[in-house]
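J.: pasting a predicted model and its sequence here:
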Amino acid sequence: MRSTNTKLCARIKRKKRIRKTLVGTPERPRLCVSRSSNEIYAQIIDDSTGRTLVSASSIEPEIRTQKNSRNKVQVAVFIGKRIAEKAIQAGIKKVVFDRNGFLYHGRIKALSDGAREIGLDF
């Protein structure tokens with residue numbers, strides 16, 4: 001018997017469907033968000049060159065020290081603010097949001113709200 005993880009399969013189907021049309025350009029790179037059960041990661045990617053321009057995650061040492069006193073949603077908001085600050089310092093104001101097949105609620109929504117709060121436009 002073969003077992004399949006239906007949640008994972010559904011996420012991958014959503015991811016493929018989204019990525020058909022979503023492309024990061026030098027003028028408007030792609031903000032890709034990924035999460036695991038404990039961590040959250042964000043990257044700003046220029047798909048024309050295949051380079052990661054800016055990244056932030058909850059496994060960075062300065063964030064890991066503060067993580068114990070916060071819940072996962074608060075950490076996601078902090079990561080969103082952090083990625084937006086780094087992007088603005090790098091001269092990036094506008095991005096395309098790639099939720100990577102994850103549903104737009106909870107930590108994914110919190111991260112995007114944090115990035116918008118600092119001034120990132122998407």
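T.: Ah, there it is.
J.: let me see the contact set for Y104.
T.: S112 (CB atoms under 8 Å, 6 or more residues apart in numbering). (C-beta placed from N, C-alpha, C; glycine too.)
J.: cool, Q66 as well?
T.: With the criterion set at CB under 8 Å, 6+ apart, Q66 makes contact with F78.
J.: give me the local confidence score for it.
T.: pLDDT recorded at Q66 is 78.
J.: which SS class is it?
T.: helix (DSSP: H, G, I helix; E, B strand; the rest coil).
J.: just for the protein, where's the confidence low?
T.: Applying pLDDT under 70 to the chain flags the ranges 1-3.
J.: ok, now how distant is the residue positioned nearest the centre of it from N71?
T.: What sits nearest the mean C-alpha location of the chain, by CA atoms, centre = their mean, is V33, with 2.0 Å. Separation of V33 from N71 (CB to CB, to the nearest Å): 18 Å.
J.: thinking again about what came up before, now do the helix or strand where the residue nearest to the centre of the chain lies: which elements does it pack against?
T.: In the assignment (DSSP states H and E), V33 maps to strand 30-35. In this structure, strand 30-35 packs against strand 40-46, strand 96-98, helix 107-118, with contacts taken as 3 or more CB pairs under 8 Å, 6 or more residues apart in numbering; DSSP states H and E.
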